[in-house]
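Student: Build me a model:
(2 chains)
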Amino acid sequence: MIISWFFLGLISLSIALYLVQLLALRKKLNEKFETEFTPPISIIKPLKGLDDNLFDNIESFCKQDYPQYEVILSLEDYNDPAYRIVRKIKDKYPDKVTIIIDNSDNSLNPKVRNMIGAYKASKYEYFLISDSNVSVDSDYLKRTVKMISSSEVGLVTNMIAGVGERSIGALFENLHLNSFILLSTCFLDTFLKIPCSIGKSMLMRKKDFEAIGGFSSIRDILAEDYFIGSLMHRMGKRVLLSNYIVKNFNEYWSMKRFLNRHTRWAKIRWKISGAKYFTEPLCNPVYLSFAHIIVSGFSQNAMVIFLGISFIKILGDLLVGKGLQLKPSLKYVPNPAITSI
Amino acid sequence: MLLCDFHIHTRYSDGSLNLRKVIDIFGQAGFDVIAITDHVVNGDNFIGKLAHRFKFTVTDKNFKEYVENINFESKRAWNKYGMLVITGVEISKNYLSSDKSAHILIVDIKEFIPACENLETIFLEAKKQKALVIACHPHNITGEIINTLYLWKNRQKYARYIDAWEIANRDDVFNVVSLKKYPYIASSDFHKPRHLYSWKTLLNCEKNIESVKHCIKNNRGVAITLFRG
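Tutor: Numbering: from 1, shown residues only, chains lettered A, B, ... in the order given. This is a model prediction of the structure:
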């Protein structure tokens, strides 16, 4: 009985936390940042292997409505399957794109190892690290860069949302991104003012980056994005989360890939957060209400609570989806002349 | 070298994805040349009639639409990805016996060729259309109950009509076929997204239909590669 009440208390806390997260997202989406600031930008894209939608993802960065910027595509190997795509993009946008093939560094973090050559080749003081599996609209740079106009700001990252799912693994990944990662980062940033840095899009000044030690400070660790954010914060610089939503394309993931990725992520979070890691289930009342069913010996009341909580969570997640207004990824547009396909 | 796949199915037969999505998957992965080759199944026996019943085949009735749609997508693929898309079909003569069954890719087909014709007629019609004739999965495929061995078992008779043989199909390599000195290619027999990662052909030639056909027929500058993401 006491355990059951304990779980009911946790479930109530979790529901309250979930509602606060929804509020945080709403607040974040309504944020306005009225300033004009358009310094030249070097976009660094480390690539390895084929991601879903890779061609469009890279191309979206070449179609920015922004005065002056360069896109540096870096690989470690000419035999990487992404190289063929990189070549085609370079042929299409020869003035904007630079390709760097460099495997001379021996950092343990493969993403950092891949970026070092591109960073050295980058021309501008402001640089943006962007993952290969994200896609953006043409106003992304303008809206993101203006947030770093103040010298107090050391790092600007973006919210991410998973789109394009066409398999069960991809659906789970996108649900995780949209109903857990997105809400948690908004909550931490908006209400707790804890710096959240998301590796899929990180804008910095070289001066600040060098001041925290540059790549040598993160070359042999995983979760380099988290550490960059932490180091900036410790140096007294602000880490801002832009409300521009970067689309993370996940189309054809297997369940195995989804589980492997999250096992790895969970281990990293456990290492970073320690005991705080075990508070994560509080972010999802469905887990707790399910655990309540088990501890209450499958009582009817617990099942009713579970169904009610699940309904609220689904409703909340639907609202999040509506609020994000994500466009469908690859909508099929048939040949207008032919209708019977 | 051009990264190519000449054996791809869409929802026009038994593929799981529509034509546009298939083209986008290959374009997004950086391919240079692909051929869409949906099944044209013989309707003269029970297996064939089932394929027709469930619309797992291109027919003479929808062939024109099939070609037009591929041409439309081909222009889009060229403009967006710089990828050449060629119209083809897989003539599928299916029987209960592996020894009687045969599948043939006709690449760069212009007019419909019925699968119930005899093989010589099909080959001659393909030649008349200046299409490329490829014997596909001519040997035993892992996990298949019915294979398509007819062409390989009767190669003395038919090899002169065949421009190339598949020596690798999806995850299978047909060592027996590759040891003969016939022109060869490798392809995915793409039906589902995961089939993208499979054996492919590399060609050292210009990116246009005539050069591609010439390169395969002459078997110069051809290699196969196991494509992994």
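
Student: neighbouring contacts of the helix or strand hosting A:I228?
Tutor: Taking DSSP states H and E as the criterion, A:I228 maps to helix A:224-234. For helix A:224-234, the external contacting residues (CB atoms under 8 Å, 6 or more residues apart in numbering or on different chains) are A:109, A:111-112, A:154-155, A:157, A:195-199, A:202, A:204, A:208-209, A:212-213, A:217-218, A:221, A:238-239, A:272. C-betas here are computed from N, CA, C, even on glycine.

Student: how does it look with 7 Å?
Tutor: The contact list for helix A:224-234 (CB atoms under 7 Å, 6 or more residues apart in numbering or on different chains) reads A:109, A:111-112, A:154-155, A:195-199, A:202, A:208, A:212, A:217-218, A:221, A:239, A:272.

Student: Let's test this: mean pLDDT of stretch A:157-168, rounded?
Tutor: Regarding stretch A:157-168, the rounded mean pLDDT is 93.

Student: Nearest to chain B: which residue in chain A?
Tutor: Closest residue of chain A to chain B, CB to the nearest CB: A:R84 (3.3 Å).

Student: burial of the nearest residue to that residue once chain neighbours are set aside, as a residue count?
Tutor: Of all residues not flanking A:R84 in the chain, B:G30 sits nearest, at 3.3 Å (CB to CB, 6 or more residues apart in numbering or on different chains). Using other CB atoms under 10 Å in any protein chain shown, B:G30 has 23 neighbouring residues.

Student: so what's B:G30 up against?
Tutor: A:81, A:84-85, A:88, B:3.

Student: repeat for B:G15
Tutor: B:9, B:22, B:191.

Student: Give me the subset of those residues lying in strands.
Tutor: Among the contacts of B:G15, no member falls in strands (DSSP state E).

Student: For chain B, what lies in contact range of chain A?
Tutor: Residues of chain B found near chain A, taking CB under 7 Å from any CB of the partner chain as the criterion, are B:3, B:18-21, B:24, B:27-30, B:65, B:68-69, B:72, B:81-82, B:193, B:229.

Student: what about the residue lying closest to B:N204 once chain neighbours are set aside, distance to A:Y83?
Tutor: Nearest residue to B:N204, sequence neighbours excluded (CB to CB, 6+ apart): B:G221, at 3.1 Å. In this view, B:G221 and A:Y83 are 20 Å apart by CB to CB, to the nearest Å.

Student: ditto for B:C4
Tutor: Distance from B:C4 to A:Y83, by CB to CB: 17 Å.

Student: The two: which has the busier surroundings?
Tutor: Counted by other CB under 10 Å, B:C4 and A:Y83 do not tie: B:C4 has more neighbours, with 28 against 17.

Student: Restricting the selection to alpha carbons, write the helix or strand harbouring that one to CSV.
Tutor: Per DSSP H and E: B:C4 is located in strand B:2-8. The C-alpha coordinates for strand B:2-8 follow below in CSV (Å, rounded to 0.1, in the frame of the first residue of the first chain):
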residue,chain,number,x,y,z
LEU,B,2,30.0,5.3,-62.2
LEU,B,3,28.1,3.5,-59.4
CYS,B,4,25.3,1.6,-61.0
ASP,B,5,22.4,-0.7,-60.3
PHE,B,6,20.5,-2.2,-63.2
HIS,B,7,17.9,-4.4,-61.3
ILE,B,8,15.4,-2.4,-59.3
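
Student: Averaged pLDDT, that strand. What do you get?
Tutor: On average, strand B:2-8 scores 98.

Student: other SSEs contacting it?
Tutor: The elements that strand B:2-8 packs onto, with contact taken as 3 or more CB pairs under 7 Å, 6 or more residues apart in numbering or on different chains; DSSP states H and E, are strand B:33-41, strand B:102-107, strand B:184-187, strand B:199-203.

Student: between that strand and strand B:199-203, how many degrees?
Tutor: If you take axes from the mean of the first three to the mean of the last three CA atoms, to 10 degrees, strand B:2-8 sits at 130 degrees to strand B:199-203.

Student: does the single nearest residue of chain B relative to chain A sit in a helix or strand, and which one?
Tutor: Nearest to chain A, among the residues of chain B, is B:G30, at 3.3 Å (CB to the nearest CB). Assigned by DSSP H and E, B:G30 belongs to neither a helix nor a strand.

Student: Return the per-residue confidence for it.
Tutor: So, for B:G30, pLDDT stands at 95.

Student: Run the chain-centre distance for stretch B:158-173.
Tutor: How far stretch B:158-173 lies from its chain's middle: 10 Å, per CA atoms, centre = their mean, to the nearest Å.

Student: what is the rounded mean pLDDT of that stretch?
Tutor: 95.

Student: Do a quick rundown of the helices in chain A.
Tutor: For chain A, the helices defined by DSSP state H occupy A:2-30, A:54-62, A:82-92, A:110-121, A:140-145, A:168-176, A:182-190, A:206-211, A:224-234, A:255-273, A:285-295, A:300-324.

Student: actually chain B, not the one I wrote
Tutor: Assigned by DSSP H, chain B shows helices spanning B:19-28, B:46-53, B:63-81, B:119-128, B:150-153, B:155-158, B:175-179, B:209-218.

Student: And the ones you listed, which one averages the lowest pLDDT?
Tutor: Here the lowest mean pLDDT among the helices of chain B goes to helix B:46-53, at a mean of 82.

Student: just checking, what packs against it?
Tutor: Under the contact criterion of 3+ CB pairs under 7 Å, 6+ apart, helix B:46-53 touches strand B:33-41.

Student: With only the CA atoms kept, save the strand it packs on in CSV.
Tutor: What follows is strand B:33-41, C-alpha atoms only, in CSV (Å, rounded to 0.1, in the frame of the first residue of the first chain):
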residue,chain,number,x,y,z
VAL,B,33,23.2,5.2,-63.1
ILE,B,34,20.1,3.0,-62.3
ALA,B,35,17.6,1.0,-64.3
ILE,B,36,14.1,0.5,-63.1
THR,B,37,13.2,-3.0,-64.1
ASP,B,38,9.8,-4.1,-62.9
HIS,B,39,8.5,-7.6,-63.6
VAL,B,40,6.7,-8.5,-66.7
VAL,B,41,5.3,-11.9,-65.8
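
Student: now it against helix B:46-53, angle please.
Tutor: Per the same axes, to 10 degrees, the angle that strand B:33-41 makes with helix B:46-53 is 110 degrees.

Student: neighbours of the residue lying closest to B:A159 once chain neighbours are set aside, just the number please.
Tutor: Once flanking residues are discounted, B:A159 sits nearest to B:Y182: 6.6 Å by CB to CB, 6+ apart. For B:Y182, the tally of surrounding residues (other CB under 10 Å) stands at 17.

Student: distance of B:Y182 from B:I162?
Tutor: 7 Å.

Student: Also A:I129?
Tutor: 52 Å.

Student: now swap in B:L84 and tell me
Tutor: In terms of CB to CB, B:L84 sits 23 Å off from B:I162.

Student: Same check on A:R113?
Tutor: Counting by CB to CB, the separation of A:R113 from B:I162 is 48 Å.

Student: go on, B:L226?
Tutor: Taking CB to CB as the measure, B:L226 falls 24 Å from B:I162.
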